[in-house]
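**Q** after the sequence you'll find the predicted model.
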2 protein chains.
Amino acid sequence: MGEPLNVVTIGNAIVDVLSHEEDAFLERHELVKGWMALIEPHQAEALYADMGPAIEVSGGSAANTAAGVASLGGSAAYIGKISEDQLGSFFAHDIRAAGVQFDTPPIKGYPPTARSLIIVTPDAQRTMNTYLGACVELGPEDVDEALISSAQITYLEGYLWDKESAKEAFVKAAQVAHAAGQKVSLTLSDTFCVERHRDSFVDLVSNHIDILFANEKEAMALYETDSLDEALRLFRAECEMTVVTRSEHGSIVVSGQDRFDIDAVPPANLVDTTGAGDLYASGFLYGIATGRHPADCGKLGSLAAAEVISHIGARPETPLVELARQSGLLAA
Amino acid sequence: MGEPLNVVTIGNAIVDVLSHEEDAFLERHELVKGWMALIEPHQAEALYADMGPAIEVSGGSAANTAAGVASLGGSAAYIGKISEDQLGSFFAHDIRAAGVQFDTPPIKGYPPTARSLIIVTPDAQRTMNTYLGACVELGPEDVDEALISSAQITYLEGYLWDKESAKEAFVKAAQVAHAAGQKVSLTLSDTFCVERHRDSFVDLVSNHIDILFANEKEAMALYETDSLDEALRLFRAECEMTVVTRSEHGSIVVSGQDRFDIDAVPPANLVDTTGAGDLYASGFLYGIATGRHPADCGKLGSLAAAEVISHIGARPETPLVELARQSGLLAA
């Protein structure tokens, strides 16, 4: 086993390409606001050609979560696949500069490092169009058993479930973590993603997941119910802990027979919701890894989410540990 | 001749890689705050490895100016050299998406598209470290004579003066513009740059330049004087119009025997001064191209600079034409 870690996350290693567009842009390209669509290179080219000037910034759901854990002062590692190209060098630099251990060997040449074309509308909602590129090469051989065994929590993004070899990596990681007596956590990631893979997600949650993250729509989509309470009842039977995020309405933490309703933290300035769920998870998981009460874990999640939606980009710009100390959630 | 254009700009086509660092970072790497240093790949690698998480956004001084002209509602084109790589595709997309005509053929392969590692300190000052990459391949063959002839103003950045073939491109462009009865404008770009090339810059200003931009330090460095008035007297003898920018103290416009002192426009929020001079030039040149009074050109410059320093990145995020209409500088 390596040095003990709080959290290791596994996901699609992506550079975000963000531009601000009016709602008409979404309509013109038949994009569903707030969702993530997988696109092929020719679709990416057509969409990009119509986008305004953009900025590039490292993203990837689980990578953002790892960066959040590190920003809170926790120890974090990341597993994800890049190519040895310019985008890949940005991704690797940024995740390491965020204080996250990242050693997954890159592929050489084609396909290139993944990018997500993200449309931010005036309401700060983000609509993502992801070309997976090198991410499709992630496989069980990339799951570092010593690393996984050393981490209190292994966190997986549902987005991985779109490719067979990533699914294998996913299941292997869960098995290794459990064999080492550690926890396994999953985010359902996206309603579309849940609908594409509902049955296997239901099995996965039932067999492998201790701590489950979902937003309301994803939670209800998994169990094909219109009742959040019904979904929570079903999750409660399967997972040790379930966390449902509700944007400005806060979050619900279900832990055993207990339920905690957590307030959202209003952002200084609502700019771009990219990364809100990822950062909520980072706060929550850091709290769990450091033995805090579930309600306090939820508060750390709210605090981390509030920071990331107050600026462009899906990773913290202000050290979360400082914000958490200021608000009294972490000891000064 | 092509369609009539307001402004064509020629410069180093660069993608900015920006991170926020404390002043100690500059000291550790022996960087001079506010200046631009040219660096080699191995230096870029060492510096980048020590930088925090960064964002990538298209830059390049003269390219930013072209984007500013377009944002004011003017017609603009850009000449600059990229490589056919991922950074080059971002650069080309962003300048075209900004409404600027850009047709310079990219090189294939090595060297890669240029990048500038930009350190933004807490005082919002930017310190730039530029690896020129593909920019060194810019030459006279890239100067599209029809394009230059069609533009009311050809604007050149002093940064070009570092490479022989770019200098040739520069002089050719000035000659073509003047032969077509158009104006030629130059920014001195950087004090270091002026000191590296003082004698040839003095000749250049004397022989080719109608509208000269400089900040106070650059203006005085060119003529090796401690007196701004003395520098202005010397410029007055050489150029039809001279503009000296003075950060928060506004700018001075010297036109023939007249002098106008222009106030700065306080930014909504001082975040990152990258692009301040570039955007000032865009406002001023758009004003000249549309036949405005020199003092009003200066006010358009101040307005454009205020927008760009209120956010990260060196190109406008809000359409400048809207801001100029709101402030009454352009007709609604």
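**A** Now that the structure is in, tell me what you want to look at.

**Q** nearest residue to the residue nearest to the spatial centre of chain A in space, please, no chain neighbours.
**A** By Cα atoms, centre = their mean, chain A has its centre lying nearest to A:Ser61, at 3.2 Å. Residue nearest to A:Ser61 in three dimensions, not counting chain neighbours: A:Glu157, with 4.5 Å by Cβ to Cβ, 6 or more residues apart in numbering or on different chains. All C-beta spots, glycine's among them, are computed from the backbone N, C-alpha and C.

**Q** what sits against the one you found?
**A** A:Thr9, A:Ile10, A:Gly11, A:Asn12, A:Ser61, A:Ala62, A:Thr65, A:Leu186, A:Thr187, A:Ser189 (Cβ atoms under 8 Å, 6 or more residues apart in numbering or on different chains).

**Q** biggest separation within those, which pair?
**A** Farthest apart among the contacts of A:Glu157 by Cβ to Cβ are A:Asn12 and A:Leu186. That separation is 14.3 Å.

**Q** so what's the residue in the stretch 101-250 of chain A positioned nearest to chain B scoring on pLDDT?
**A** Closest to chain B within the stretch 101-250 of chain A is A:Pro112: 7.1 Å, counting by Cβ to the nearest Cβ. The score at A:Pro112 is 98. That number is its pLDDT.

**Q** now do A:Asp162
**A** In this model, A:Asp162 is scored at 86, pLDDT.

**Q** likewise for A:Thr127?
**A** Looking at A:Thr127, its pLDDT stands at 97.

**Q** quick check, it in a strand?
**A** Yes - A:Thr127: assigned to a strand according to DSSP: H, G, I helix; E, B strand; the rest coil.

**Q** show me what from chain A comes close to chain B.
**A** By Cβ under 8 Å from any Cβ of the partner chain, the residues of chain A that approach chain B are A:17, A:19-20, A:48-49, A:51-58, A:67, A:85-87, A:90, A:93-94, A:97-98, A:112, A:312-313, A:315, A:317.

**Q** in the stretch 51-200 of chain A, which spans are strands?
**A** In the stretch 51-200 of chain A, the strands defined using DSSP state E, counting those that start in this stretch lie at A:55-58, A:76-79, A:101-102, A:114-120, A:126-131, A:151-157, A:183-187.

**Q** identify whichever of those lies nearest to B:Val32.
**A** With Cβ to Cβ as the measure, strand A:55-58 is the member of these nearest B:Val32 (26.7 Å).

**Q** which single one of the contacts of A:Glu157 is nearest to chain B?
**A** A:Thr65 (14.5 Å).

**Q** what about the closest one, how many residues nearby?
**A** A:Thr65: 35 surrounding residues under other Cβ atoms under 10 Å in any protein chain shown.

**Q** what do you get for the one 4 residues further on?
**A** The number of residues packed near A:Val69 is 33, by other Cβ under 10 Å.

**Q** pull the contacting residues for the nearest residue to it once chain neighbours are set aside.
**A** Counting by Cβ to Cβ, 6+ apart, A:Val69 lies nearest to A:Ala76, which is 4.0 Å off, once chain neighbours are set aside. Residues near A:Ala76 by Cβ under 8 Å, 6+ apart: A:Leu5, A:Asn6, A:Val7, A:Val8, A:Thr9, A:Ala66, A:Ala67, A:Val69, A:Ala70, A:Gly99, A:Val100, A:Gln101.

**Q** tally of neighbours for the residue nearest to A:Ala62 when sequence neighbours are not counted?
**A** Nearest residue to A:Ala62, sequence neighbours excluded (Cβ to Cβ, 6+ apart): A:Gly11, at 2.8 Å. Neighbour count for A:Gly11, taken as other Cβ under 10 Å: 30.

**Q** gap between A:Gly11 and A:Asp123?
**A** A:Gly11 sits 26 Å away from A:Asp123, taking Cβ to Cβ, to the nearest Å as the criterion.

**Q** circling back: quick one: the contacts of A:Ala76 as CSV, columns for pLDDT and distance to B:Asp199 too.
**A** As requested, the contacts of A:Ala76 are exported to CSV (pLDDT from 0 to 100; distance: Cβ to Cβ, whole Å):
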residue, pLDDT, distance to B:Asp199
A:Leu5, 98, 60
A:Asn6, 98, 60
A:Val7, 98, 60
A:Val8, 98, 60
A:Thr9, 98, 57
A:Ala66, 98, 54
A:Ala67, 98, 50
A:Val69, 98, 56
A:Ala70, 98, 52
A:Gly99, 98, 49
A:Val100, 98, 51
A:Gln101, 98, 53
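
**Q** including distance to B:Phe284, could these go into JSON lines?
**A** Converted to JSON lines, the contacts of A:Ala76 look like this (distance: Cβ to Cβ, whole Å):
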{"residue": "A:Leu5", "distance to B:Phe284": "55"}
{"residue": "A:Asn6", "distance to B:Phe284": "54"}
{"residue": "A:Val7", "distance to B:Phe284": "52"}
{"residue": "A:Val8", "distance to B:Phe284": "54"}
{"residue": "A:Thr9", "distance to B:Phe284": "49"}
{"residue": "A:Ala66", "distance to B:Phe284": "46"}
{"residue": "A:Ala67", "distance to B:Phe284": "41"}
{"residue": "A:Val69", "distance to B:Phe284": "48"}
{"residue": "A:Ala70", "distance to B:Phe284": "45"}
{"residue": "A:Gly99", "distance to B:Phe284": "44"}
{"residue": "A:Val100", "distance to B:Phe284": "45"}
{"residue": "A:Gln101", "distance to B:Phe284": "50"}
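
**Q** these in helices, which ones?
**A** Counting by DSSP state H, those place A:Ala66, A:Ala67, A:Val69, A:Ala70 in helices.

**Q** which pair of those residues spans the longest distance?
**A** Greatest spatial distance among these (Cβ to Cβ): A:Ala67 and A:Val69, at 7.4 Å.

**Q** which neighbours do those two have in common?
**A** Common neighbours of A:Ala67 and A:Val69, using Cβ under 8 Å, 6+ apart, are A:Ala76, A:Val100, A:Ser282.
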